[in-house]
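1. no FASTA, just this:
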């Protein structure tokens, strides 16, 4: 079910009586979920600004506790306020909330809070009555591609959507409405537009012949349809199950990627070890014996020189012995004996390692088959992810890699420089060209590398690295800190600049307010407290 313009229209008629007069005392924000909490109201107004899951409805699920609140300056500046009226532009996924806030003199000050749920253009924007931006949940400074959302700038709404009731063009219908138009024998523009103009929509539980559940404002052909008595509860349940399914699918894809990478690594390692097992140390010993047996042939000869001698094992076979300046037959013989001992010891070790690698490869292949052919649960996926990540983990000595080291939940390594010189070494010697590079915009701080290579990390991985970039910068006590990130290949040294000073291009920006829970999970808070020597100082 898409949260489309028709679904928003169905909820708008309910909000018209429920939202006016709502006094929002505080706002809680976490991971793209925003709760508007009002006194003496059993339900909170939930606004989700995550792409693909953007929506707005009442929820009875518990609001995160006080300690989990995001200290977002935008929300601190916004609350408290009272909603007076609301409006939804035709066929848009945008809600305009007329609000009253109090200024420093406790005088009511009108404003407008715009909730944008248009696909990837999700945002919460506070504007004045003449549509000048006051503040926004996601700010877009001037000069960036696309529209500008910046304090003091005129508000520019997302691109408008054509109203199909005016155009009578089926291409302007929402995706589900197009399906209704193409599949229903009883569909007509007159009834569709009449329903729209009268806000005559009801939300239905839809069940396909295959048992798949959905929600929408019209019954669909071939679906069992039951009218919903509590749309908000239905939306809560539907999107929670959808979020869980998306999380499981993301874990499944991540595990599939890790298993395939581990399988290729194991196969390559087994091939290399098998070729080493095929080597014969007796051939090296034989060469050592030849040098000792025929050392007299190299006496009083100028080097370099080569001598052809018969093999000790088969006199009919000739072997060429070559000596260079500085070589002696005895030293060369000892070198061959030493290499033969190493080769023999390596074969003894590999004889024990190869069965273990084969067993691990069989386990990886088994898990790949289970993942491809079986419906697995989230607990199994989480357990296998943990095991697979440990399989590929390689501890690195501090003297080899002297940077701060962290790891995302997806298993990507994060490296953080400790000084100007480390920043330069990390960016230009350690990082690969396609790794992600992070730095707080226009503020001194550490260079941060997300070791993702050519893969595409998810939003949580990017937020982990950006959070560390803020934490190890002079902006660590601020909120909504802009963090630029780009591929390492787009970063270059600043001409005539000090170590660690760079220029970069093709960057994107994340706005980060330090999240203690994320930092604690990464291990950054604990590390910094230990470095200060005062566990109670933060």
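-> Happy to help now that I have it. Here the structure is a predicted model, which means the values were calculated and not measured.
2. Pretty sure residue 413 sits against residue 407.
-> Yes: proximity of residue 413 to residue 407 meets the contact threshold set by Cβ atoms under 8 Å, at 5.8 Å. Every residue, glycine included, has its C-beta placed from N, CA and C.
3. ok now do residue 476, which residues does it touch?
-> Counting by Cβ atoms under 8 Å, 6 or more residues apart in numbering, residue 476 makes contact with 470, 514.
4. Kindly state the pLDDT recorded for it?
-> According to the prediction, residue 476 has pLDDT 88.
5. now it, what's its secondary structure?
-> Following DSSP: H, G, I helix; E, B strand; the rest coil, the label given to residue 476 is coil.
6. and residue 491, what are its bridge partners?
-> Residue 491 forms beta bridges with residue 504, as assigned by DSSP bridges.
7. Count the residues that sit near it.
-> For residue 491, the neighbour count with other Cβ atoms under 10 Å is 20.
8. List the residues that contact it.
-> Residue 491 is in contact with 427, 437, 502-504, counting by Cβ under 8 Å, 6+ apart.
9. Please apply the same query to residue 125.
-> Residue 125 neighbours (Cβ under 8 Å, 6+ apart): 113-114, 116, 133, 135-137, 149, 155.
10. from the residues you listed, which is closest to residue 337?
-> Closest approach to residue 337 among these (Cβ to Cβ): residue 137, at 72.5 Å.
11. Give me the spatial nearest neighbour of the closest one, chain neighbours excluded.
-> Nearest residue to residue 137 in three dimensions, chain neighbours excluded: residue 124, at 3.9 Å (Cβ to Cβ, 6 or more residues apart in numbering).
12. Which SSE is immediately downstream of the helix or strand hosting that neighbour?
-> Assigned by DSSP states H and E, residue 124 belongs to strand 121-127. Next helix or strand after strand 121-127 toward the C-terminus (DSSP H and E): strand 133-136.
13. Next, please give the residue ranges for the helices of the stretch 201-350 of the chain.
-> Secondary structure of the stretch 201-350 of the chain (DSSP state H, counting those that start in this stretch): helices at 231-277, 281-293, 329-373.
14. and the longest one with helix 329-373, angle?
-> Per axes from the mean of the first three to the mean of the last three Cα atoms, to 10 degrees, the angle that helix 231-277 makes with helix 329-373 is 150 degrees.
15. Show me where the stretch 101-250 of the chain has its strands.
-> Using DSSP state E, counting those that start in this stretch, the strands of the stretch 101-250 of the chain run over 108-118, 121-127, 133-136, 204-207, 213-216, 224-227.
16. hang on, residue 8 packs against residue 88?
-> Yes: under the criterion of Cβ under 8 Å, residue 8 makes contact with residue 88 at 5.9 Å.
17. Show me whatever sits in contact with both of those two.
-> Counting by Cβ under 8 Å, 6+ apart, the contacts common to residue 8 and residue 88 are residue 95.
18. what about these two, which has more around it?
-> It is residue 8, of residue 8 and residue 88, that has more neighbours when counted by other Cβ under 10 Å, with 22 against 19.
19. does the more buried one sit in a helix, a strand or a coil?
-> Here residue 8 is helix, with the state taken from three-state DSSP.
20. residues touching it, list them.
-> Residue 8 neighbours (Cβ under 8 Å, 6+ apart): 56, 88, 93, 95, 117.
21. separation between it and residue 506?
-> Separation of residue 8 from residue 506 (Cβ to Cβ, to the nearest Å): 35 Å.
22. Equivalent analysis for residue 204, please.
-> Noted for residue 204: a distance of 46 Å to residue 506, by Cβ to Cβ.
23. Show me which of the two is the more surrounded one.
-> It is residue 204, of residue 204 and residue 506, that has more neighbours when counted by other Cβ under 10 Å, with 22 against 9.
24. Name the helix or strand for residue 381, please.
-> Element membership of residue 381, judged by DSSP H and E, is helix 378-392.
25. burial measure for residue 511, as a count.
-> 19.
26. would you say it is within a strand?
-> Yes: counting by three-state DSSP, residue 511 falls inside a strand.
27. related to what we said a few turns ago, list just the nearest of the contacts of residue 491 to residue 368.
-> Minimum distance to residue 368 across the contacts of residue 491 is 32.9 Å, recorded for residue 437 (Cβ to Cβ).
28. and the closest residue in space to that closest one that isn't next to it in sequence, how far is that from residue 426?
-> Of all residues not flanking residue 437 in the chain, residue 488 sits nearest, at 4.7 Å (Cβ to Cβ, 6+ apart). Residue 488 sits 10 Å away from residue 426, going by Cβ to Cβ.
29. And for residue 308?
-> Remark: distance between residue 308 and residue 426 (Cβ to Cβ) = 54 Å.
30. Just want to know which of the two has more residues nearby.
-> Using other Cβ under 10 Å, the more surrounded residue of residue 308 and residue 426 is residue 426, with 26 against 9.
31. Now do the same for that one: helix, strand or coil?
-> With three-state DSSP as the basis, the three-state label of residue 426 is helix.
32. Show the contacting residues for the nearest residue to residue 451 once chain neighbours are set aside.
-> Nearest residue to residue 451, sequence neighbours excluded (Cβ to Cβ, 6+ apart): residue 413, at 4.2 Å. Residues in contact with residue 413 (Cβ under 8 Å, 6+ apart) are 405-407, 450-451.
33. Identify the residues contacting the helix holding residue 381?
-> Around helix 378-392, the neighbours that count as contacts under Cβ under 8 Å, 6+ apart are 244, 247-248, 251-252, 254-255, 258-259, 261-262, 265, 360, 364, 367, 411.
34. what about burial for those residues, which qualify?
-> Buried subset of the contacts of helix 378-392 (neighbour count, 16 or more other Cβ atoms under 10 Å): 248, 251-252, 254-255, 258-259, 262, 360, 364, 367, 411.
35. out of those residues, who's nearest residue 20?
-> Closest approach between the buried ones among the contacts of helix 378-392 and residue 20, by Cβ to Cβ: residue 248, at 39.6 Å.
36. Tell me how far that closest one lies from residue 382.
-> 10 Å.
37. Same check on residue 458?
-> Separation of residue 458 from residue 382 (Cβ to Cβ): 16 Å.
38. got it, and residue 441?
-> In terms of Cβ to Cβ, residue 441 sits 35 Å off from residue 382.
39. tell me the contacts of the nearest residue to residue 263 once chain neighbours are set aside?
-> Excluding the flanking residues, the one nearest residue 263 by Cβ to Cβ, 6+ apart is residue 364, at 5.0 Å. Residues counted as contacts of residue 364 (Cβ under 8 Å, 6+ apart) are 259, 262-263, 266, 388.
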